[in-house]
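Novice: okay, here's the prediction I keep looking at, along with the sequence it came from:
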Amino acid sequence: MRCLRCRRPRALCLCRDLVPCATRTHVVILQHPREHGMKMGTARLAHLGLATSELHVGVRFDDHPRVSELARAPHGVALLYPGPDATPVDRVREPPRTLVVVDGTWSTARKMVARSRCLRELPRLSLQPAAPSRYRIRREPAPECLSTLEAIVAALEAFEGDGARFAPLHAAFAQLVRTQLGYTSARPAPYRHDRKRRRPRRPSVVETLLATRFDDIVLAQAEGNPHDAGGPHELVQLMAFRPATGTRFTTIVRPRRPLGPRTPARLGLSDALLAAGTAIDDARQAWAAFVQPRDVLVGWGRFTPTVLDAERMPCPSWIDLRIEMARRLHGRPGSADAARTALGAAAVPAWAPGRGGHRLGNLAALVAELRNQTDAAP
């Protein structure tokens, strides 16, 4: 039997601690459908513990009547979401009347914001927590990342003070973590997991690609200029390299929007070099002539394919090398530079200007070392 309110098993019901707390800030939680019904999710706990909060489920919210109405409010609405233009909550002079919070994994949350113009146009606020998350049920991607409930409470405490009001929410959260960890440690691993460990290790996607389709591999790295309203960056530099033939592609694209104040220094490209870049239409034509339908683009993270998609430039398929390195290094690999060092790959000089050229050099070194190890494997 389950509790109909908190949706936990009745023996583990958290409703005793979920006494609705009044706040001056109106909290609106936008939950990705994958999180809806998750037994270990914290967004519903936050919703039940905040008297005037709202919770809506979806991916795109431009056509959502209630969310659109809130986002169109002339003043006092902000999105709790990190970014280069986000203001830390402890530096906000006038707290928002409505705080919009996205609930999902970092990947799904990024898509929700990118696909909803009403969210992208909201001013952003960010958190700089003093301590790591206590949500030990899931592994957070970075020490500064918090669960949805922790993030909401941290923001409300910064806006309104009087953190003692949120003690019931903290208690419910701690009980959720404690009971779940206790259940996990007490339950023996199913036989199917033990049987799986005894199976021979299968080659990874990258290992198979290196062994069977090396001629189709294209290493790619894009650099961008951030958008003031959020969403994908505009492309200002694109580099690619075919390790099988040594063929290279490099172009600098003239910015179409005002440059971010830190963009030239961050990318290592001067204002003059960017201003002398090619037009985006010419870059599209050159890229379409370089990339082939059978190509498999390989890079670090999801930034490059996101920018290519936003600029309507071909991206036949994409392999995130960061996933392969996390598997090999048994943990988060950090940057491509750090992963190259950890793998023992020799450095490759940057052959294109700026940060992007250095990053593509690291990718080339990683793939060369991975291929050597794949060829040497029995």
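Specialist: Sure thing, it's come through. Residues are numbered from 1 along each chain as shown.

Novice: low pLDDT regions in the stretch 201-350 of the chain?
Specialist: 201, 229-230 (pLDDT under 70).

Novice: tell me where it has helices.
Specialist: Read by DSSP state H, counting those that start in this stretch, the stretch 201-350 of the chain holds these helices, from start to end of the chain: 205-212, 263-267, 271-275, 280-290, 303-310, 321-329, 336-343.

Novice: likewise for the stretch 51-200 of the chain?
Specialist: Under the criterion DSSP H, counting those that start in this stretch, helices of the stretch 51-200 of the chain are mapped to 65-71, 106-114, 117-120, 148-160, 167-186, 191-197.

Novice: okay if I get those as a markdown table plus distance to residue 242 and mean pLDDT?
Specialist: For glycine as for every other residue, the C-beta is placed from the backbone atoms N, C-alpha and C. Rendered in a markdown table, the data for the helices of the stretch 51-200 of the chain read as follows (distance: least, C-beta to C-beta, whole Å; pLDDT from 0 to 100):
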| stretch | distance to residue 242 | mean pLDDT |
| --- | --- | --- |
| helix 65-71 | 45 | 90 |
| helix 106-114 | 29 | 89 |
| helix 117-120 | 35 | 92 |
| helix 148-160 | 43 | 90 |
| helix 167-186 | 46 | 76 |
| helix 191-197 | 37 | 51 |
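
Novice: need those in JSON lines with mean neighbour count and distance to residue 349, can you?
Specialist: Converted to JSON lines, the helices of the stretch 51-200 of the chain look like this (neighbours: other C-beta atoms under 10 Å; distance: least, C-beta to C-beta, whole Å):
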{"stretch": "helix 65-71", "mean neighbour count": "15", "distance to residue 349": "48"}
{"stretch": "helix 106-114", "mean neighbour count": "17", "distance to residue 349": "33"}
{"stretch": "helix 117-120", "mean neighbour count": "20", "distance to residue 349": "38"}
{"stretch": "helix 148-160", "mean neighbour count": "22", "distance to residue 349": "42"}
{"stretch": "helix 167-186", "mean neighbour count": "15", "distance to residue 349": "48"}
{"stretch": "helix 191-197", "mean neighbour count": "9", "distance to residue 349": "42"}
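
Novice: and the ones you listed as TSV, adding distance to residue 90?
Specialist: TSV is the format used below for the helices of the stretch 51-200 of the chain (distance: least, C-beta to C-beta, whole Å):
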stretch	distance to residue 90
helix 65-71	24
helix 106-114	22
helix 117-120	23
helix 148-160	5
helix 167-186	19
helix 191-197	44
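
Novice: of all those helices, which lies closest to residue 8?
Specialist: Nearest to residue 8, of all the helices of the stretch 51-200 of the chain, is helix 167-186, at 7.9 Å by C-beta to C-beta.

Novice: residue 306 is nearest to which of the helices of the stretch 51-200 of the chain?
Specialist: Comparison of the helices of the stretch 51-200 of the chain against residue 306 by C-beta to C-beta identifies helix 106-114 as nearest, at 7.7 Å.

Novice: can you give the contact residues for that closest one?
Specialist: Where contact means C-beta atoms under 8 Å, 6 or more residues apart in numbering, the residues beyond helix 106-114 that reach it are 30, 32, 34-35, 58-61, 79, 81, 102-104, 119-120, 141, 145, 230-232, 302, 306.

Novice: what comes up buried for stretch 344-351?
Specialist: Of the residues in stretch 344-351, those scored as buried under the neighbour-count criterion (16 or more other C-beta atoms under 10 Å) are 345, 348, 350.
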